[in-house]
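> could you look at this predicted model? Sequence included:
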Amino acid sequence: MKLKIAPLLLLTLILITVLVASITIGTAHISFLTAAKIMLAQIFSIEENWSMAQETIILSIRLPRVLLAALVGAALATAGCAMQGLLKNPMADPYIIGMSSGAALGAALSFTLHLPTPLLSFITATIAIFVVYHISKVGGRVPVATLLLSGIAVGSFLAALTSLIIYVAKSPHQIIFWLMGGLWTSDWPKVKIASLMIFAGIILLYRYSWNLNVMLLGEEQAQYLGVNTERVKRGVLVSSSLITAAAVSVSGIIGFVGLIIPHIMRIFTGPDHRILFPTSTLAGAIFLVVTDTISRTILAPIELPVGIITASFGAPFFIYLLRKRGKSIHA
C-alpha cells in the first residue's frame, strides 16, 4: 500500500491546482496569484493589493461554485465506484437503481408546487432507493439481479410521472433545464449542506473497502471469510444513496461521472477498493471542476449545462466499454 500513496498525492496536488485555476477563469480576469492570495487571506494575515470587486467575485461567486463542483464530482465518482464493486459490473453508475428518476420527480414537483428543489429532490431520491431495496428483498436477502431489475422498473415508473408533470406544467423549461444538470445556482448554504452529507457518506463507504474486496470473490466465499454480505449491501446502498441524493439535489442530474471515473482509476490502480475509493473521489472532483469550467466558458457569455459536457466525454467512453466487454465475452 505504501507505493499506492503516490497517486493520492499526485491527484491531491492536481485538484488544488485545478481549483485555484478554475477560480481565475471567467469574464473578469483575475490572476492565479491574486486568487490564491484572496483565499489565503481568509486564514492568514496578508497585505491586500486587490480590489473589493475581485474579492467579491472570488469569494461569493466563483469559489462556492468550484467547491460545489468538486463535492458533486467526488460524490458521484465515489458512489459509482461503490455500485460497480457491489454489483460487480464496470458499467454500473450511481443512477442505475432509479435514484436519478426519484430526484427528477422531486425536482419536477418542487418547480410545480413552488417548494425548495434541493430538499424535495433529496427526499424523493431517498424514497426511491428505499422502495427499490424493499421490493428487491427475497427471504431477507437482496439478490443483485433482482435489485437491478427493481431499480429499472421503479426508475421507469418515476420517469413516466416526471414526464407527465413536464407535459402539464405551465413552465416546463425550468424542469428541463434542471434535468440537464448544472451548478449555476451555487451558493455557500448549498456548499455547507451538501458537504456534510457527502463527507459523511464517503467516510462510511471507505469503511466497506475491505468487504467489497472480499465480495469480488463471490458472496459465498465472502461469507466463509466472515463478511455479512447483506449488511454490507445495506451499508453500501445507504451510503451511496446519501451522497448521490445530496449531489443531485444541488446540481441536477449530471451523468457519466460515476461511470467513467471509477473505471479509469481501476485501470491505473487496480481493483483494491482501499486505494480505488480515494483515487476515484479525487479524480471525480477534478473531472467535474474541469468540465464545469468548460461549460461556463466555452460559449461565454452563454453558459451550457455541465451535464452536456460530461455526456460529451462519457458517452464515447461508455461505447468503448460496451465494445470492450463484447469482445471479452466472444474471446
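Good, I have the coordinates. This one's a predicted model, so the numbers in the text were calculated from it and none came from an experiment.

> the residue nearest to the spatial centre of the chain and Phe256, how far apart?
In the chain, the centroid-proximal residue (CA atoms, centre = their mean) is Leu76; its distance is 1.8 Å. Distance, Leu76 to Phe256, using CB to CB, to the nearest Å: 9 Å. C-beta here means a position set from N, CA and C on the backbone, and glycine is covered the same way.

> in the stretch 201-331 of the chain, what spans have low per-residue confidence?
Within the stretch 201-331 of the chain, the stretches with pLDDT under 70 are 325-331.

> which stretches in it count as strands?
With DSSP state E, counting those that start in this stretch, there are no strands along the stretch 201-331 of the chain.

> picking that back up, how near is the residue nearest to the centre of the chain to Ile260?
The gap separating Leu76 from Ile260 is 10 Å, by CB to CB.

> re earlier: following the host helix or strand of the residue nearest to the centre of the chain, which helix or strand comes up?
Following DSSP states H and E, one finds Leu76 within helix 63-87. Counting by DSSP H and E, the element after helix 63-87 in chain order, helix or strand, is helix 99-113.

> any idea of the mean pLDDT for that next one?
The pLDDT scores in helix 99-113 average 90.

> repeat that for stretch 154-161.
94.

> with stretch 169-185 instead?
Stretch 169-185 comes out at a mean pLDDT of 86.

> quick one: distance of that stretch to the chain centre.
18 Å (CA atoms, centre = their mean, to the nearest Å).

> again, but for stretch 265-272
19 Å.

> next, the buried residues of that stretch.
265-266, 269, 272 (16 or more other CB atoms under 10 Å).

> got it, and stretch 145-157?
147-148, 150-151, 154-155.

> out of those, who's nearest Leu237?
Relative to Leu237, the closest of the buried residues of stretch 145-157 is Leu147; by CB to CB it sits at 8.3 Å.

> how much space separates the nearest residue to that closest one once chain neighbours are set aside from Ile25?
Nearest residue to Leu147, sequence neighbours excluded (CB to CB, 6 or more residues apart in numbering): Ser136, at 4.4 Å. To Ile25, Ser136 is 45 Å away according to CB to CB.

> between those two, which is the more surrounded one?
Ser136 (22 against 18; other CB atoms under 10 Å).

> how much space between Leu225 and Met215?
Using CB to CB, Leu225 is found at 10 Å from Met215.

> now swap in His114 and tell me
In terms of CB to CB, His114 sits 45 Å off from Met215.

> look at these two and report which has more neighbours.
Shown here are His114 and Met215; by other CB under 10 Å, Met215 has more neighbours (23 against 7).

> need the contact list for the more buried one.
The contact partners of Met215, taken as CB atoms under 8 Å, 6 or more residues apart in numbering, are 85-86, 88, 222, 227, 229, 232.

> recalculate using a threshold of 7 Å.
The contact partners of Met215, by CB atoms under 7 Å, 6 or more residues apart in numbering, come to 222, 227, 229, 232.

> same thing with Asp187?
Residues in contact with Asp187 (CB under 7 Å, 6+ apart) are Pro64.

> and Lys2, what's its pLDDT?
On the pLDDT scale, Lys2 gets 50.

> let me redo that: Arg141
pLDDT, Arg141: 84.

> for it, give its distance to Glu219.
Separation of Arg141 from Glu219 (CB to CB): 9 Å.

> Trp50 too?
For Trp50, the distance to Glu219 (CB to CB) stands at 58 Å.

> again with Asp272
Distance, Asp272 to Glu219, using CB to CB: 19 Å.

> and if you look at Val232?
Distance from Val232 to Glu219, by CB to CB: 10 Å.

> Val154 too?
Between Val154 and Glu219 the distance is 23 Å, computed by CB to CB.

> can you check Ala108 too?
As judged by CB to CB, Ala108 and Glu219 stand 37 Å apart.

> looking at these two, which has the bigger crowd around it?
Neighbours were counted for Ala108 and for Glu219 using other CB under 10 Å; Ala108 has more, 28 against 18.

> so which helix or strand takes in the nearest residue to the more buried one once chain neighbours are set aside?
With sequence-adjacent residues excluded and distances taken as CB to CB, 6+ apart, Ala108 is closest to Ile165, at 4.2 Å. Using DSSP H and E, Ile165 sits within helix 144-168.

> what sits up against the following helix or strand past that helix?
Scanning forward in sequence from helix 144-168 by DSSP H and E, the next helix or strand is helix 172-179. The contact list for helix 172-179 (CB under 7 Å, 6+ apart) reads 104, 107-108, 111, 166, 169, 252-253, 305.

> need those in a markdown table (columns: distance to Leu282).
Below are the contacts of helix 172-179 laid out as a markdown table (distance: CB to CB, whole Å):
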| residue | distance to Leu282 |
| --- | --- |
| Ala104 | 28 |
| Ala107 | 28 |
| Ala108 | 33 |
| Phe111 | 34 |
| Ile166 | 36 |
| Ala169 | 39 |
| Gly252 | 23 |
| Ile253 | 23 |
| Pro305 | 24 |
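
> quick one: which of the residues you listed is nearest Ser186?
Distances from Ser186 to the contacts of helix 172-179, taken by CB to CB, are shortest for Gly252, at 11.7 Å.
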